[in-house]
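Chemist: Here is my input; please provide its structure:
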Amino acid sequence: MITYEYSCGHELAVEDDSKVVAPAQCTLCNEGSMVYPGPNALEMWAVFSCGHHLRVPENAAKVDRFGCKTPDCKGHLNGFTVHNPYAPESGRKFDGEKPAMDLMPPLMELEVSKVLTFGAQKYDAENWRHVPDLHTRYRSAAKRHINALRRGEKYDEESGLHHAAHAVCCLMFMGEIDLEQDQAPSESLEERKINDLLKRIDEVGADRASRAHRGQ
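Modeler: Prediction:
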């Protein structure tokens, strides 16, 4: 709290970061004048009706004697504040209700990215989306990596990356699909049947192409 003192003995307390302008005259008795709080206090600024400000010297006994020093200005004294009117305002960003992405553990975030890169180089960047029976297979894959950790094995033999990061990727794939489906516009039963059929046709075609390629 900042306390403004008046010659009459009355005081006015405001928050430290407040921009309140304390009146030059005491509003309780209309007699007391603002007294500078002393050389060890925060700097004080005189506020004038013209909108100008003046920093009050530290050796001033009474600060109500100051007039606006701007040439040709006839502004009268309104009051005083400890808020520096010339200090740059702090930037604002209203993100208090948004997810705190900086809480993500940085080393694991990097390791998961490495796993995703390894998978993209081995298969394709979006290959995981087209794996048949995705939930069952990635749930099984996640469990294999978790079981490896339970056995005391930290790193996957093939990728050299942490089993926990592999398990996270598997769970992320499952969750991503679920969230996409939850956020997608609802489709009719007929549309769902058609889309499922088209998806199955694509999967069969991809499987045949893969077998043909291996046969070559």
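Chemist: what does the one helix or strand D182 maps to contact?
Modeler: In this assignment (DSSP states H and E), D182 forms part of helix 163-183. Contact with helix 163-183 is made by 108, 111-112, 114-116, 119, 128-129, 134-135, 138-139, 141-142, 145-146, 148-149, 153-156, 159, as judged by Cβ atoms under 8 Å, 6 or more residues apart in numbering. Heads up, the C-betas are built off the backbone N, CA and C, glycines and all.
Chemist: Of those, just the buried ones, PyMOL syntax please.
Modeler: A single PyMOL command is used to select the members of these judged buried by 16 or more other Cβ atoms under 10 Å:
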select buried, resi 111+112+114+115+116+119+128+134+138+141+142+145+148+156+159
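Chemist: what packs against the lengthiest helix in the chain?
Modeler: Criterion DSSP state H: the longest helix present in the chain is helix 189-215. Contacting helix 189-215 under the criterion 3 or more Cβ pairs under 8 Å, 6 or more residues apart in numbering; DSSP states H and E is no other helix or strand.
Chemist: Verify the stated contact: C50 with D72.
Modeler: No - with contact defined as Cβ atoms under 8 Å, C50 does not count as touching D72 (10.4 Å).
Chemist: Between the two, tell me which one has more neighbours.
Modeler: Legend: neighbour count by other Cβ atoms under 10 Å for C50 and D72, higher for C50 (13 against 5).
Chemist: what angle sits between the host helix or strand of N147 and helix 163-183?
Modeler: Secondary structure from DSSP H and E places N147 in helix 134-150. If you take axes from the mean of the first three to the mean of the last three Cα atoms, to 10 degrees, helix 134-150 sits at 160 degrees to helix 163-183.
Chemist: downstream neighbour of the lowest-mean-pLDDT helix or strand in the chain in the secondary structure list?
Modeler: Using mean pLDDT, DSSP states H and E, the weakest-scoring helix or strand in the chain turns out to be strand 34-35, at a mean of 70. Using DSSP H and E, the next helix or strand after strand 34-35 towards the C-terminus is strand 45-48.
Chemist: Okay, now the sheet partners of that following strand, with direction.
Modeler: In the sheet, strand 45-48 lines up against strand 53-55 (antiparallel), strand 77-81 (antiparallel) (DSSP bridges).
Chemist: what residues go with each domain of the chain?
Modeler: Domains of the chain are assigned by automatic domain parsing as 1-85, 101-184.
Chemist: CA atoms only for the helix holding N147, dumped as CSV, please.
Modeler: Listed next in CSV are the C-alpha coordinates belonging to helix 134-150 (Å, rounded to 0.1, in the frame of the first residue of the first chain):
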residue,chain,number,x,y,z
LEU,A,134,-6.2,-48.3,-35.3
HIS,A,135,-7.3,-48.3,-31.7
THR,A,136,-6.7,-52.0,-31.1
ARG,A,137,-3.3,-52.0,-32.7
TYR,A,138,-2.0,-48.9,-31.1
ARG,A,139,-3.3,-49.8,-27.8
SER,A,140,-1.4,-53.1,-28.1
ALA,A,141,1.7,-51.2,-29.3
ALA,A,142,1.5,-48.8,-26.3
LYS,A,143,1.3,-51.8,-23.9
ARG,A,144,4.3,-53.4,-25.5
HIS,A,145,6.4,-50.3,-24.8
ILE,A,146,5.0,-50.0,-21.3
ASN,A,147,5.8,-53.6,-20.6
ALA,A,148,9.4,-53.0,-21.8
LEU,A,149,9.7,-50.2,-19.2
ARG,A,150,8.3,-52.5,-16.5
